[in-house]
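Peer 1: could you look at this predicted model? Sequence included:
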Amino acid sequence: MASHSGVVHLLVLVGVALASGGPIQFISEHLKGAHGSITEELELKRPEIGLHPLFSSVIASINNSCQRQTDMQLVNATLDVYMRIFSSILLHSHHKHHGTTHTSGLLNRLSTPKRSEVTSALKELQKLMENLRNYLNRQNNDTEDVLSKLNKIKVDDPMVQRKALAEFMEVYQAASVISTSSC
């Protein structure tokens, strides 16, 4: 019955968005709060983080086309990169916490209480992304250029990790829109 409730809720959201003429917003207050709790701690608003966004080609492709299957593959590949980034951050955080410090761990400079808070928020973002990725994985297609770029992203690089986390809300919104669009 819960899935029926979710479908009804989604249909209501789509109806409201269509009636208002605006884009559907999938960024909940919970998601904003989880992302906001890591933004300051991980310095996601530094100017160099915003330069040369990692996923701008994905967002542009999604926003400028109505190729649902191609968009799905791009979004799935992007979500896979995020899952690897979350795993890398959390793995390095776990190693530091247990005495085997990894030199490039993004969370290494945080105090233990802050690291615990940020780790918890990252796990929540990872869970939300995993749920969305699982939903979207039912569709597939191919877009060579963007997929090649996504596969080359160095997920262990702290700067790349910051950039990806800074772009999280935009990518999550685009992926959510794709999951409900019917081009």
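Peer 2: Ah, there it is. Residues are numbered from 1 along each chain as shown.
Peer 1: for the chain, which helix is longest?
Peer 2: helix 68-97 (DSSP state H).
Peer 1: how about that helix: buried residues?
Peer 2: 70-82, 85-86, 88-90, 92-93, 96 (16 or more other C-beta atoms under 10 Å). Every residue, glycine included, has its C-beta placed from N, CA and C.
Peer 1: so where is the chain shaky, pLDDT-wise?
Peer 2: 1-24, 62-69, 93-104, 137-144, 181-183 (pLDDT under 70).
Peer 1: can you give me the helices for the chain?
Peer 2: 2-20, 29-39, 47-50, 56-63, 68-97, 112-136, 144-151, 158-166, 168-180.
Peer 1: I'd like the ones you listed as CSV, with distance to residue 106 appended.
Peer 2: Formatted as CSV, these follow (distance: least, C-beta to C-beta, whole Å):
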stretch, distance to residue 106
helix 2-20, 33
helix 29-39, 10
helix 47-50, 12
helix 56-63, 22
helix 68-97, 5
helix 112-136, 9
helix 144-151, 20
helix 158-166, 5
helix 168-180, 14
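Peer 1: out of those helices, flag the one nearest residue 105.
Peer 2: helix 68-97 (3.4 Å; C-beta to C-beta).
Peer 1: what packs against that closest one?
Peer 2: helix 56-63, helix 112-136, helix 144-151, helix 158-166, helix 168-180 (3 or more C-beta pairs under 8 Å, 6 or more residues apart in numbering; DSSP states H and E).
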